[in-house]
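coordinates only, sequence not included:
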């Protein structure tokens, strides 16, 4: 069974600073994908970044980068130059690549608060 | 990215009534749709997976007779909460994808309050 762990219930960061949100995962499937989503108070799920298990390089999308350490089974999200609008819940998720439905399973989330 | 529209965005209903929530993929054909439930300050919990034209597959512990899912077309899936009770009050959100190994796009979510 797949499992996603986010150990930081909440994180504080000052505007313009960088912040790392932790995510570890557990799976026996060699093919999987890791996702990060942002959920503001409105509830919508905003896709941020994706890392495939066979990708050789860490994914980057603008101010977001994913620190993928396969041996450690970690996929931490790094947000550079934080902005006030980054305050939200952040969820790490994993999708296994097997023959099933390829369900997306979420971690418990980290609430990020960016202060001026 | 692709657009998934969920309607209504919020609904208040009386205990004992049924509520239908729609999830539409606007610019792609969604072969698979997922329904999630999220309680306040908690994560998204997958309720069921639906493939167009076939019965939904429910996660363990989810009552299929209470949460009816219909995926009648490649652009529409519906979740009906039957005989709703206050404990069913939650945030329900759908996601849809075109095919395997493709990204799933989320609807805006529906906040259900049962009084």
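Perfect, I can see it now. Because the structure is a prediction, the values reported are computed rather than measured.

ok, the host helix or strand of residue B:36 near chain A or not?
Secondary structure assignment for residue B:36, by DSSP states H and E: strand B:32-38. Yes. In this structure, strand B:32-38 sits against chain A according to Cβ under 8 Å from any Cβ of the partner chain; the contacting residues are B:32, B:34, B:38. (Glycine included, C-beta is placed from N, CA and C.)

From the residues you listed, list the buried ones, please.
Burial of the residues of strand B:32-38 next to chain A was assessed by neighbour count (16 or more other Cβ atoms under 10 Å in any protein chain shown); the buried members are B:32, B:34, B:38.

so how far is residue A:67 from the second one?
Note on residue B:34: its distance to residue A:67, by Cβ to Cβ, to the nearest Å, is 27 Å.

need the contact list for the spatially most central residue of chain B.
The centroid of chain B falls nearest to residue B:35 when counting by Cα atoms, centre = their mean (3.7 Å). With contacts taken as Cβ atoms under 8 Å, 6 or more residues apart in numbering or on different chains, residue B:35 has the following neighbours: B:23, B:46-50, B:56, B:67, B:69, B:77, B:79, B:92-94.

ok, now how distant is it from chain A?
When Cβ to the nearest Cβ, to the nearest Å is applied, the distance between residue B:35 and chain A equals 11 Å.

what's across from that residue in the sheet?
Residue B:35 has the following beta-bridge partners by DSSP bridges: residue B:48, residue B:94.

ok so, going back, ok, which pair from the contacts of residue B:35 is furthest apart?
Using Cβ to Cβ, the contacts of residue B:35 reach their maximum pairwise distance at B:56 and B:93, which is 15.7 Å.

What ranges in chain A fall below the confidence cut-off?
Within chain A, the segments meeting pLDDT under 70 span A:1-2, A:98-101.

Repeat that for chain B.
Across chain B (using pLDDT under 70), the flagged ranges come out as B:1.

So which residues of it form strands?
For chain B, applying DSSP state E gives strands covering B:4-7, B:10-13, B:19-25, B:32-38, B:45-51, B:57-58, B:67-73, B:76-81, B:90-97, B:105-106, B:110-114.

right, so of the ones you listed, which gets closest to residue A:54?
In terms of Cβ to Cβ, the element of the strands of chain B nearest to residue A:54 is strand B:90-97, at 19.5 Å.
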